[in-house]
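Engineer: Kindly generate the corresponding structure for this input.
(3 chains)
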Amino acid sequence: MTDRIVSVLRAIVFIGIGLALCGVIFEIAGYSAPLMFQSIADGAFLRSGALGHALRWGLPLFITAVGVAISFRAGYFNIGAQGQFYMGAIAAAFVAEWLNGWPAMIVIPACFVAGMTGGALWALWPGLLRLKSGADEVITTLMGNFLASLVLVYVTSGPLKDPSGSGQQASSRPLDAAYRISTSYGLSPTIVALAVLVGVLMWLLVNRTAFGVLAGLAGRNPTMVEWQGARIWRIGLASFLISGALAGLAGTIELMGPNGRLAGGFLPGHGFTAILIALVAGLSVAGTAFVALFFGGLASAALFLPVMAGLPSAAIDIINAAIALFITAKSGMIDRIVKFGRRAWTRS
Amino acid sequence: MREGAGPVFACRGVTVRYGHVVALAGVGVDFERGMIHAVVGQNGAGKTTFACVVAGLVEPESGELSIDGQALSGGDVNEARSAGVELVHQSFALPPSFTVAEAMQFGAEGGGLYTKSMLEKRWQPHLDGLDVRVSAKRRIRDLPIETQQGVEIARALVTDAKLLILDEPTAVLSPEGAQKLFERVRRLKALGVTVILILHKIREVLAVADTVTVLRGGRLVEGPIPCAGVDAGRLAELIIGPAAHSLGEEEKAALTGAAIPTHSDDISAPARAVPILEMKSVSTRPDSEGPALDAVSLAVRPGEIVGVAGVEGNGQRTLVRAISSLIHVTNGRIAIEGRDMTVAPLGERRAAGLRVIPFERNVEGLSLTSALWENWSARGLLQKPLLSAISPSGLRRRCAAALDAWDVRYADVGQRAGSLSGGNAQKVILSREMDEEARLILAAQPTRGLDIGATAFVWDALRKARARGCGILFVSSDLDEIFDICDRVVVMLSGRIVAEFRPPFDIAAVGAAMTGVTR
Amino acid sequence: MDEIIVAILRSGTPLVYVTLAGVIAQRAGIWHLGLEGLMITGACATILGIVLTGSLALALLIAVVLCIVGSILFWFVVEKLRANQIIAGLGLTGLGLGGTSLAVQSIFGAQAAVTAPFGLPRLGPAFGAYGALSVLVLLMPVFVFAIWVLLRRTRFGLRLAASGEHPFAARGVGVNPSIMRLVALVLGGALCALAGAELAAGSLQIFAQNMTAGRGFMGFAAVIFGAGHPVGATFAAIFFAVVGAIGIRAQLVFGDRIPHDLLLGLPYIATVFGIWLSAKLRGGARAAVGFGELRDP
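Structural biologist: Here you go, the predicted model:
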């Protein structure tokens, strides 16, 4: 139990340090840090309807983050969630295009299958390169992100281009309203149900199956699990595929829900934010749900800032990056404080 | 060089704490100049910590140190080195990718640019002068272990060392290698270097040292005692402490290396029984973890403990990995209980009764950052399909029962394996690997780093398994323990089994086989 | 032909500088994914410095100082707070990308790119077809050689390598591995500043948001592909640049028949290929160093 308290305290302290660093950067860049933080808090949590916005952004992030947590638990730094998210959305968009005119009952499930497959396939090749050849997955999945962004730009300005679209931002033809699972507000019973379903299934997978325990052990010490007779590559590949499929699912939700179309470079920070969520939550599925809500709020503030406060949305990127810088930090300091506190408590 | 009249090294009240563990408590000793001083004690007695304090690698919490009457502040390697103290570690401490010349250079005085030939010209004479026969061009990782140790010592002597500390130098050597090392140490003594030897076998202490100092549980028990006229039995009792009365003479001697043990068990394995393990001319390819096996044939029958002796790095690791299906077998066949298992994965072999106590307890045996129950249940979970449902609370209960039965001291099955002491951690592995269905147990260095109580516990567990009819393959680099518990001993050299011995064992003959001397 | 070589040098030079930074860090035992963030900081600081101060020397000084400050921050987090290198490196990259965007927006409003009136000194007409290249292109081999000497032919280099490969051995001869890593990261930071300066002011004199486009990560991959050797990694970086140049040529030759956006992806594919090949040849250079606390030591 103390372990849990220490890790929560640690996360809070280091997020605090990260925010302080952000304050310094804001001041150097010529913004008032208090005003910036005030506006971010307003945009994320305080304005009316903030919870709804946080959910709209938080639910897809939650789904991707759970996938990231699963591959991180198994010991693989799949940081390609962004690319898998794009590839899922692209695959779903193609299927929606081909099946245009068919009943929604068929098109919507087909799109989801395609989206999850697209994401899983985009995780499959780095997974195979890692497990069969030992090619470092950090670089391959990062490169996968850059490649997927290019594919997205190509698709939206080529095969799926919206001819009526104007302006510099290329985008695909909008989905038929019948195929949308939410309005552009982005929150609907379907999306909530999907997130809950993913949460429950993945919680069971991690906590109530042999796979969950073994993947956790393999992630912390693959050598030991190999000496126990496990075929590590099966656990590894499954983790890659699950994380890819979930990122693809999130991409499909964004496409068929709030966005309704593909746009070149849409939601560029989604994958990175999902990685942060997973890490802040200590890779726990249940924790991810709460943390996703917090980052969902921040994501909604990124839209709020330029419009309502006239401040740059890059501020949110900086906050995310500063949290990333510190979130895995460990320091004996916090453990000592907790221990001291406990001793004082038992003495009194 | 300033030659004082007092002791070359003196310390008073040295205390070191690692978290809650007191590694050294108020240790104070004086070491005379120009002698060979042995420091002995069981594992966990604080010997290595003591060596690190003298060398400035560990800063004591309190206490005073002096070299040649000059006080040291402690915890500063550069200060200790400039005072003339050098340490050679137990597990060698040279970067494996370095060449021998580079390994000399990086600890030496004088920076500046160099070329490879300059380096070799500078250091080859130094190596030759110390009678370390190695080319300065070779890479550390390619050297046999005895040469590596020579290079380590040469590295320690690149500066004008007046106090050289060797931490358990004999642990990795054959008996003959140890003799050679002792000769080298005596030569250093003749050159005026004071040597502190950390040892754990009384026999070796008496063979080489001038004085002996005994540590136990971080405290100084006695010392330095002049070795002339010291009694081996009394030394054994000083090392073991209050637990000594509960052990037999035979076991005491084996545990402290006081005398060469003779095999005392009168269980003779049924020679005609079907072997539990049968290897027929098994070969593998060499890899980063060790040399290849070369046509190894070996049988282990039910109810016998077969010892694998040899200098470390001669293929023992590859042998265990081959039986565990962790390395590809290129030739030959492996059968477990009469069933051909040459290509079967480890999971299948485990299902047939194979159990492994791996070499590296903290890497291959346990996941230190995982809970005890996760570590304990890994073997069982791997027998099921990956997606089968589990009940964590049930696993925790079963784990607790098993750990209690094995007398593991723990607070909660949810605690991390890394929070256990070495002996308790090994017991967790035993409780996982020595279950009722175990038939063939590979015990690879199962007592390494354990104190005397835990070592005796492991031996006892292995004997009980033998009594149940298990076949046990026991790999160790400590001949004393091999002689004490094994019914048969094979010797490995360069990936081959070069000799086989039955009791009564002759240490000279086994030692000769280990280094390839035929007689 | 000259044209192609100019194109390769133009895109390859910043990559080589950032790769050298990665080589030094890797030698000291740090897998440096913050290179991307430091590089864009260097690029942004150079251009903004020129625009705001009118002096190239001052601009470069600002760039180098900022990158060194970032490196020290990274060192502190990784070494003193024992944070995971991969995640902290990505965080540093995020700070660089976000911070430069913020700086540009704060000074120039919502403008997408900032143009400087001049850039780094050029080689000049004496070099013929290569005259438009900056002096940093010419200095590149000097840097490669100097770093090779530093790492492979000095006692400092040995101590740095020991700090990365076997910190225990380094401590045994009185070297503080943590300080060695600080030195390595500071040197790397300065090189990243030069990489950024060359990218933004070498031929273009422009800074655009996210203009590094993964070059820092490719530099990191070049370190792995080049087995951590300064010369090998340089060749790996140049190989990536060659592939990129081929893509641009192919575009001119094939026109619209091959989609332009996909040809832009060639360097990334080359990077994946490089990582795969080095894993095949050397049995998997494992860059990911585990999750620290989440993983056994």
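
Engineer: From chain B, how far off is residue A:204?
Structural biologist: 8 Å (C-beta to the nearest C-beta, to the nearest Å). Glycine gets a C-beta too; all of them are placed from N, C-alpha and C.

Engineer: Verify the assumption that that residue is located in a helix.
Structural biologist: Yes: read with DSSP: H, G, I helix; E, B strand; the rest coil, residue A:204 is one of the residues of a helix.

Engineer: how about the strands of chain A, start to end?
Structural biologist: Counting by DSSP state E, chain A forms no strands at all.

Engineer: pLDDT weak spots in it?
Structural biologist: Chain A contains residues with pLDDT under 70 at A:1-3, A:165-168, A:331-348.

Engineer: list the contacts for residue C:280?
Structural biologist: Contact analysis of residue C:280 by C-beta atoms under 8 Å, 6 or more residues apart in numbering or on different chains lists A:133, A:135.

Engineer: Tell me the pLDDT of it.
Structural biologist: For residue C:280, the pLDDT comes out at 86.

Engineer: Which residue, other than its chain neighbours, is closest to residue C:79?
Structural biologist: residue C:178 (5.2 Å; C-beta to C-beta, 6 or more residues apart in numbering or on different chains).

Engineer: what do you get for residue B:431?
Structural biologist: Spatial nearest neighbour of residue B:431, excluding adjacent residues (C-beta to C-beta, 6+ apart): residue B:406 at 4.0 Å.

Engineer: wait, is the residue nearest to residue C:79 part of a helix?
Structural biologist: Yes: judged by three-state DSSP, residue C:178 forms part of a helix.

Engineer: That one reaches residue C:78, doesn't it?
Structural biologist: No: Residue C:178 is not in contact with residue C:78 according to C-beta atoms under 8 Å; the separation is 9.9 Å.

Engineer: can you tell me the helix or strand for the residue nearest to residue B:275 when sequence neighbours are not counted?
Structural biologist: Nearest residue to residue B:275, sequence neighbours excluded (C-beta to C-beta, 6+ apart): residue B:299, at 4.0 Å. Using DSSP states H and E, residue B:299 falls within strand B:296-300.

Engineer: next SSE after that strand?
Structural biologist: Next helix or strand after strand B:296-300 toward the C-terminus (DSSP H and E): strand B:305-309.

Engineer: So for residue C:178 and residue C:78, which sits in the more crowded spot?
Structural biologist: Neighbour count, other C-beta atoms under 10 Å in any protein chain shown: between residue C:178 and residue C:78, residue C:78 has more, with 29 against 16.

Engineer: Does the more buried one touch residue C:28 like I think?
Structural biologist: No: in this structure, residue C:78 is not within contact of residue C:28 by C-beta under 8 Å, at 11.0 Å.

Engineer: Return the helix or strand in chain C with minimum mean pLDDT.
Structural biologist: None of the helices or strands of chain C scores lower by mean pLDDT, DSSP states H and E than helix C:260-263, at a mean of 82.

Engineer: ditto for chain B
Structural biologist: helix B:249-256 (a mean of 79).

Engineer: residue contacts, the residue nearest the centre of chain C?
Structural biologist: Closest residue to the average C-alpha location of chain C: residue C:18 at 1.9 Å, with C-alpha atoms, centre = their mean. For residue C:18, the contact set (C-beta under 8 Å, 6+ apart) comprises C:35, C:39, C:191, C:192, C:195, C:215, C:216, C:219.

Engineer: cool, and residue B:382?
Structural biologist: A:210, A:214, A:228, A:229, A:230, B:347, B:350.

Engineer: burial count for the residue in chain A that chain C sits nearest to?
Structural biologist: When you check chain A against chain C by C-beta to the nearest C-beta, the closest residue turns out to be residue A:134, at 2.2 Å. Burial of residue A:134 is recorded as 18 neighbouring residues (other C-beta under 10 Å).

Engineer: Now stretch C:168-178: buried residues?
Structural biologist: The neighbour-count check on stretch C:168-178 (16 or more other C-beta atoms under 10 Å in any protein chain shown) flags C:169, C:170, C:171, C:172, C:173, C:174, C:175, C:177, C:178 as buried.

Engineer: Tabulate those residues (TSV), appending pLDDT.
Structural biologist: Shown next, in TSV, are the buried residues of stretch C:168-178 (pLDDT from 0 to 100):
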residue	pLDDT
C:169	88
C:170	90
C:171	89
C:172	87
C:173	88
C:174	88
C:175	91
C:177	93
C:178	93
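
Engineer: Secondary structure added to the residues you listed, as JSON lines?
Structural biologist: Shown next, in JSON lines, are these (three-state DSSP):
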{"residue": "C:169", "secondary structure": "helix"}
{"residue": "C:170", "secondary structure": "helix"}
{"residue": "C:171", "secondary structure": "helix"}
{"residue": "C:172", "secondary structure": "helix"}
{"residue": "C:173", "secondary structure": "coil"}
{"residue": "C:174", "secondary structure": "coil"}
{"residue": "C:175", "secondary structure": "coil"}
{"residue": "C:177", "secondary structure": "helix"}
{"residue": "C:178", "secondary structure": "helix"}
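
Engineer: From these, pick the one nearest residue C:243.
Structural biologist: Closest to residue C:243 out of the buried residues of stretch C:168-178 is residue C:177 (36.4 Å), distances taken as C-beta to C-beta.

Engineer: residues contacting the closest one?
Structural biologist: Counting by C-beta under 8 Å, 6+ apart, residue C:177 has contacts C:28, C:29, C:162, C:163, C:164, C:167, C:170, C:171.
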